[in-house]
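Participant: Quick one, structure for this:
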Amino acid sequence: MHYSSGNYEAFARPRKPAGIEEKTAWFIGSGLASLAGAAFLIRDGHMPGSRITILERLSLPGGALDGIKEPEKGFVIRGGREMEEHFECLWDLFRSIPSLEIEGASVLDEFYWLNKDDPSYSLQRATANRGEDAHTDDLFTLDTRAQADVVKLFLSTCEEMENKRIDEVFSQDFFDSNFWLYWRTMFAFESWHSALEMKLYLHRFIHHIGGLPNFSTLKFTRYNQYESLVLPLVRWLQDQGVHFQFGTEVIDVDFDLAPGCKAATYIHWKRDGVPGGVALGRNDLAFITIGSLTENSDCGDHRTPAKLLDGPAPAWDLWRRIARKDPAFGRPDVFGAHIPETKWESATITTLDERIPRYIQKIAKRDPHSGGVVTGGIVTVKDSAWLLSWTVSRQPHFKNQPKDRVVAWFYGLFVERPGDFVKKPLQACTGEEITQEWLYHLGVPPEDIPELAATGAKTVPVMMPYVTAFFMPRQRGDRPDVVPQGAMNFAFIGQFAESHQRDCIFTTEYSVRTPMEAVYTLLGIERGVPEVFASTFDIRTLLEAVSRLRDGKTFRIPGPEFLSKLLLEKLDSTEIGTLLRDHGIVPASSTRRERTDPESTGGQ
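Facilitator: Below is the predicted model of the structure:
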């Protein structure tokens with residue numbers, strides 16, 4: 001397996017690997033990683049779909065990419081996905097999956113056209129004082145020390161950041177900035193999370209620093225992630241003959257671990273409570289999803305709080321059993337044994353009439369019923385005790401959603417703090433109480449809040465104990481390699497497997513990258529896996545990011561004015577000077593301004 005970039009390999013079709021007709025494949029879990037892996041086996045590995053089986057404990061595929069309507073509770077989305085144009089593996093996959101919405105188009109075509117016609121950006125990124133503009137004004141407000149902190153993290157090695165927390169590498173000046181407000185609420189980072197993961201994010205998305213304050217670089221699906229991404233992929237896999245075996249909880253995997261050679265030999269499961277399994281030979285491939293960010297999620301309803309389930313967790317317990325067999329299989333408790341640090345709660349709020357949408361429109365500055373972009377990303381309530389954020393995507397967000405309803409998504413990072421209107425922790429609140437807190441910060445008059453929350457919305461809270469588990473401080477080896485050294489017929493996939501690329505987790509891209517690497521490695525597929533977009537090595541991107549982090553302020557050259565003027569004039573005659581000037585790092589010299597001033601040259 002190798003990595004590649006550019007159109008040469010991107011458009012090439014790999015030839016059929018030798019012996020593929022004799023192989024079978026077993027996927028543990030039916031999240032995006034397994035679905036993508038099955039698709040790559042069929043498209044690039046030429047494996048017949050009938051030789052692929054996907055094992056799933058639940059009754060629906062998709063994993064964390066959900067979006068359903070509970071008959072009694074209402075619509076439920078546990079989380080949303082923010083995407084961008086340089087999710088190279090994701091778009092490599094979905095260019096081949098037919099759209100369910102547009103005949104003759106792919107999912108990528110549908111997504112591309114949608115975001116061309118209706119680009120997403122926020123008109124009000126944050127509020128304060130009960131629905132008023134917080135006036136973050138697209139500024140990062142990083143002072144000199146905080147800027148130095150960011151640069152130091154960016155230039156550090158990954159090894160230096162292993163096992164370090166974010167609050168161990170940044171000063172209070174940084175935490176007081178708008179940059180941290182944007183960052184933590186967009187990506188769900190906490191100060192105790194991994195400094196290494198934050199470094200990887202900085203490198204991975206350095207080309208999007210300028211869009212951080214208004215989400216202008218993000219792109220979203222037409223409907224919820226289940227209906228827009230999962231369903232088309234599942235439909236295509238079923239059409240290829242892939243078997244989905246639901247109600248099947250994988251308990252353990254046996255391995256033959258010889259020096260220099262590791263092989264999976266048996267998958268143990270319980271299917272509808274009955275023990276069973278399958279023996280694996282060298283031609284039987286096992287793709288194992290380890291860990292889960294949505295494991296043990298619990299839904300409350302409008303009258304009932306969601307429960308924090310901290311008991312047995314099947315996905316984590318499976319990884320623990322596997323990890324005990326070989327040090328190369330990772331250390332799951334680095335991530336899955338810290339529920340107080342990895343939990344947060346979200347809620348899906350469905351409005352029942354036009355009273356609440358009027359307040360949404362006032363903040364979003366767009367009509368929620370227009371069918372187009374509404375908030376253009378999350379709106380963060382800067383002075384919220386829960387540090388709550390909320391968003392309204394294009395409506396309808398569900399295909400079967402009544403036209404007069406609006407579905408909003410809400411989450412809070414501080415689930416143990418009492419609210420500002422509801423004097424209870426978020427994790428103890430019913431859907432109705434969460435609605436009350438939200439309405440308070442939308443600017444609804446306090447005397448109207450109880451009745452409006454009771455009759456104007458239906459809210460489903462969801463507690464997720466492990467939702468930021470992958471952000472816990474870590475080091476090399478805590479996550480197993482996608483294909484461990486010596487592995488003959490198995491791979492680890494998903495958010496807790498270690499890609500050898502410089503990618504970051506908590507993205508749909510990572511969920512597709514790891515199975516792509518797994519399939520290409522085990523089958524020896526000749527085509528390259530797309531490398532991570534190399535913006536971190538582009539001097540233009542880096543200069544633009546520096547300018548934005550300084551809120552557009554140019555650097556002042558120390559020393560006497562005549563000397564700085566002379567240096568700027570010298571710079572103006574070089575390519576370096578052009579780069580620095582065009583990206584706002586240094587001001588143009590006075591002689592250059594004179595040369596380019598239309599009035600001084602008689603121009604119009």
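Participant: Outline the domain layout of the protein.
Facilitator: Per the record, the chain has its domains at 8-65+225-298+308-330+476-530, 131-211, 344-464, 554-601, by automatic domain parsing.
Participant: Take those domains and write them to CSV, including distance to Met1 and mean pLDDT.
Facilitator: Quick note: C-beta positions are derived from backbone N, CA and C, even for glycine. Below are the domains of the chain laid out as CSV (distance: least, CB to CB, whole Å; pLDDT from 0 to 100):
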stretch, distance to Met1, mean pLDDT
domain 8-65+225-298+308-330+476-530, 4, 97
domain 131-211, 20, 97
domain 344-464, 33, 97
domain 554-601, 36, 71
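Participant: Identify whichever of those domains lies nearest to Cys89.
Facilitator: Cys89 sits nearest to domain 8-65+225-298+308-330+476-530 of all the domains of the chain, at 4.4 Å, using CB to CB.
Participant: show me where the stretch 301-450 of the chain has strands.
Facilitator: Applying DSSP state E, counting those that start in this stretch to the stretch 301-450 of the chain gives strands spanning 344-351, 379-381, 388-391, 407-412.
Participant: quick one: the nearest residue to Pro17 once chain neighbours are set aside and Pro14, what's the gap?
Facilitator: Of all residues not flanking Pro17 in the chain, Leu523 sits nearest, at 4.6 Å (CB to CB, 6 or more residues apart in numbering). Distance of Leu523 to Pro14, computed by CB to CB, to the nearest Å: 9 Å.
Participant: Which one's more surrounded, these two?
Facilitator: Leu523 (24 against 17; other CB atoms under 10 Å).
Participant: Now for that one: which residues touch it?
Facilitator: Pro17, Ile20, Lys23, Leu41, Gly45 (CB atoms under 8 Å, 6 or more residues apart in numbering).
Participant: swap in Tyr226?
Facilitator: Contacts of Tyr226 by CB under 8 Å, 6+ apart are Gly62, Leu65, Asp66, Gly67, Ile68.
Participant: Quick check: the two most widely separated of those?
Facilitator: Distance extremes for the contacts of Tyr226: the farthest pair is Leu65 and Ile68 at 11.1 Å, using CB to CB.
Participant: who's more crowded, these two?
Facilitator: A count of neighbours by other CB under 10 Å puts Leu65 above the other of Leu65 and Ile68, at 27 against 18.
Participant: wait, what's in contact with the more buried one?
Facilitator: Leu65 touches Gly31, Leu32, Arg81, Gln225, Tyr226, Leu229, Val230, Thr508, counting by CB under 8 Å, 6+ apart.
Participant: hmm, back to that, reformat the domains of the chain as a markdown table; add distance to Leu90.
Facilitator: Listed next are these as a markdown table, based on distance: least, CB to CB, whole Å:
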| stretch | distance to Leu90 |
| --- | --- |
| domain 8-65+225-298+308-330+476-530 | 5 |
| domain 131-211 | 13 |
| domain 344-464 | 18 |
| domain 554-601 | 29 |
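Participant: Val76 is nearest to which of these?
Facilitator: Val76 lies closest to domain 344-464 among these, at 5.0 Å (CB to CB).
Participant: Any idea how far the closest one is from the middle of the chain?
Facilitator: Relative to its parent chain, domain 344-464 has a centroid offset of 21 Å by CA atoms, centre = their mean, to the nearest Å.
Participant: Dump the contacts of Tyr226 to CSV, plus distance to Leu108 and secondary structure.
Facilitator: Conversion of these to CSV gives the following (distance: CB to CB, whole Å; DSSP: H, G, I helix; E, B strand; the rest coil):
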residue, distance to Leu108, secondary structure
Gly62, 19, strand
Leu65, 16, coil
Asp66, 21, coil
Gly67, 20, coil
Ile68, 24, strand
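Participant: and which of those residues is nearest Val234?
Facilitator: Nearest to Val234 among the contacts of Tyr226, with distances taken as CB to CB, is Gly62, at 7.7 Å.
Participant: can I assume the closest one is in contact with Val230?
Facilitator: Yes: contact criterion CB atoms under 8 Å: Gly62 and Val230 qualify, at 4.0 Å.
Participant: got any residues that touch both of these two?
Facilitator: Between them, Gly62 and Val230 share the contacting residues Leu32, Leu35, judged by CB under 8 Å, 6+ apart.
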